[in-house]
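J.: What follows is a protein structure lacking sequence information:
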């Protein structure tokens, strides 16, 4: 009996040694910085990260872009409530860096033109009175939760310092919050594990202008600050890969099939849901969800290019254009991984399963 006890002690010692040598990897800590909408695309990206067993979603910071911050806060809170997720939501920067860009946007449009996509996000409608009013009018009830009291910029700074070297920023909206964070607290730059962007169009035309993709066009000055910041790693999910990913009625139906009734009802009321209800041949692309999926499973990347990247922040026809330099870029530009192709079958299977 003593012999077996000694043998068991040896086995336990080997197991403990192996566990120490090869520790179980911790969940990936992520802050999602988003110009939040309901459902596709930002809302689905948020819920995919929130519900992934390999991701710890530390918080969601809201920036103006697709929507005003008040809208984005209300949409984020409600979707997390439906999903049963208690994750902090922090309100952030509500205007692009360029002064009076919203007020003078009509003139800018006349001067510089537009691309194949007429979407202008928050530039196209008045700023709401408050997130509470948006919530009540949209959902017909009082809010069940409240945003974090910290400004999104301070939320990013504090959480990065709290988790040095461990935290990834998923930057799926305009870069205004992150730009202000690195300007206010440059000490956080080497503490950020990586930044993954949904933004830019490097080797193909833009969507909202002939040269620019929406997220970086909404605040080019902020985008330029951020992509020129020497983070440990930058991954770019731009139109180069997104516009290879058409979202069809069949895929929409497969996605809806796995949703709880309240979430399904919300998704059906969104722009994509309404368009699919009117026309089964309707097609749109997925953008932000791709960045979330790559965070969940980096092996989805099938093809990528490493280039120095930059953003044109000169006010003119190419305002907001993403720039890629395969060899040497301008002084101050940083190397980044530009995703060109992903494994589509595995991506759609992942999305349907979630």
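T.: Looks like it arrived, so ask away. All values derive from a computational prediction rather than experimental measurement.
J.: Next, find the distance separating residue 229 from residue 144.
T.: Residue 229 is 37 Å from residue 144, where distance means C-beta to C-beta, to the nearest Å. Placement of C-beta: from N, CA and C, glycine included.
J.: With neighbour numbers in mind, choose between the two.
T.: More crowded of residue 229 and residue 144, by other C-beta atoms under 10 Å: residue 229, with 21 against 12.
J.: who's in contact with the more buried one?
T.: By C-beta atoms under 8 Å, 6 or more residues apart in numbering, the contact set of residue 229 is 182, 189, 334.
J.: Whichever of those end up buried, select them in ChimeraX.
T.: Buried residues within the contacts of residue 229, by 16 or more other C-beta atoms under 10 Å, are selected in ChimeraX with:
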select :182,334
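J.: Go through the contacts of residue 229 and flag which are in helices.
T.: Taking DSSP state H, the ones among the contacts of residue 229 that sit in helices are residue 182.
J.: Report the secondary structure state of residue 195.
T.: Of the three states, residue 195 takes strand according to DSSP: H, G, I helix; E, B strand; the rest coil.
J.: Show me what the closest residue to it other than its chain neighbours is bridged to.
T.: In this structure, residue 195 finds its nearest non-sequential neighbour in residue 169, 4.6 Å apart by C-beta to C-beta, 6 or more residues apart in numbering. For residue 169, the beta-bridge partners are residue 31, residue 195 (DSSP bridges).
J.: For residue 163, see how far away residue 169 is.
T.: 11 Å.
J.: the more surrounded of these two?
T.: Each of residue 169 and residue 163 has its neighbours counted (other C-beta under 10 Å); residue 169 has more, 27 against 17.
J.: pLDDT wise, what is that one at?
T.: pLDDT recorded at residue 169 is 98.
J.: shouldn't it be in contact with residue 198?
T.: No: the criterion here is C-beta atoms under 8 Å, and residue 169 misses it with residue 198 at 11.8 Å.
J.: Please enumerate the strands of the protein.
T.: Secondary structure of the chain by DSSP state E: the strands cover 28-34, 55-62, 89-91, 167-171, 192-198, 234-237, 246-247, 284-285, 301-311, 322-325, 334-342.
J.: Please name whichever of these is nearest to residue 206.
T.: strand 322-325 (8.2 Å; C-beta to C-beta).
J.: What pairs with the closest one, parallel or antiparallel?
T.: Short version: by DSSP bridges, strand 322-325 pairs with strand 301-311 (antiparallel).
J.: May I see the buried residues of the strand it pairs with?
T.: Buried, per 16+ other C-beta under 10 Å, within strand 301-311: 301, 304, 307-311.
J.: what does stretch 52-64 give?
T.: Buried residues in stretch 52-64, counted by 16+ other C-beta under 10 Å: 52, 55-64.
J.: now, which of those sits nearest residue 128?
T.: For residue 128, the nearest member of those is residue 64. The distance, counting by C-beta to C-beta, is 11.2 Å.
J.: My understanding was that the closest one contacts residue 97; is that so?
T.: No: using C-beta under 8 Å, residue 64 and residue 97 do not qualify as a contacting pair, with a distance of 11.2 Å.
J.: Now the common contact residues for these two.
T.: residue 176.
J.: correct me, but residue 182 touches residue 226?
T.: Yes: using C-beta under 8 Å, residue 182 is in contact with residue 226, at 7.0 Å.
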